[in-house]
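Chemist: All I have is the shape, not the residue letters:
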């Protein structure tokens, strides 16, 4: 388990990244740790330690948590499993912000890595049809943005 100081540093870095791109987020390091302790039907092997080295993923999680809190949900051990649709709505918004940041930073590698995830979300039957459509649109827009970045990166 990562030390509290490592989590705090990763959260501070991600919050600075978000703020530099005009995204406001008040999620704390303690809330991030609490989020990763919640029960989930998804990737049960993912721990907070797994994301600390990737500021865009930390930013994603902070935005997701922030959106969950704005929906009036309280961070508990059961918040995810008891509110799957709301949490997925928050997840979609967080993914949008993450990808906007990645495009702005011209992080081609990150965008390529996330394409498979976006495709999987668009096919996940536990996701509402509306959100699956949203993820399909996100996939198409991300692929188009990636193609543009790759074209401009080529000599």
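Modeler: Okay, I see it. Quick caveat: nothing in here was measured; it's all calculated off a predicted structure. Numbers count the residues shown, from 1 in each chain.

Chemist: residue contacts, the residue nearest the centre of the chain?
Modeler: In the chain, the centroid-proximal residue (Cα atoms, centre = their mean) is residue 60; its distance is 2.7 Å. Each residue near residue 60 by Cβ atoms under 8 Å, 6 or more residues apart in numbering is listed here: 94-95, 97-98. To be clear about C-beta, it is placed using only N, CA and C from the backbone, and glycine gets the same treatment.

Chemist: 7 Å instead, please
Modeler: Under the criterion of Cβ atoms under 7 Å, 6 or more residues apart in numbering, the contact partners of residue 60 comprise 94-95, 98.

Chemist: Of those residues, which is the most crowded?
Modeler: Looking at the contacts of residue 60 with neighbours defined as other Cβ atoms under 10 Å, the largest count falls to residue 98 at 24 neighbours.

Chemist: for the contacts of residue 60, which one is nearest residue 54?
Modeler: Nearest to residue 54 among those, counting by Cβ to Cβ, is residue 98 at 10.0 Å.

Chemist: for the lengthiest helix in the chain, packing partners?
Modeler: The helix spanning the most residues in the chain, taking DSSP state H as the definition, is helix 129-153. Counting contacts by 3 or more Cβ pairs under 7 Å, 6 or more residues apart in numbering; DSSP states H and E, the secondary-structure elements packed against helix 129-153 are helix 84-104, helix 108-123.

Chemist: Can you check which of those helices gets nearest to residue 77?
Modeler: In this view, the helices and strands packed on helix 129-153 are compared for proximity to residue 77 by Cβ to Cβ, and helix 84-104 is the closest at 13.5 Å.

Chemist: What's the mean pLDDT across that closest one?
Modeler: Regarding helix 84-104, the rounded mean pLDDT is 96.

Chemist: What are the buried residues along that helix?
Modeler: By neighbour count, with 16 or more other Cβ atoms under 10 Å as the criterion, the buried positions of helix 84-104 are 84, 86-99, 101-103.
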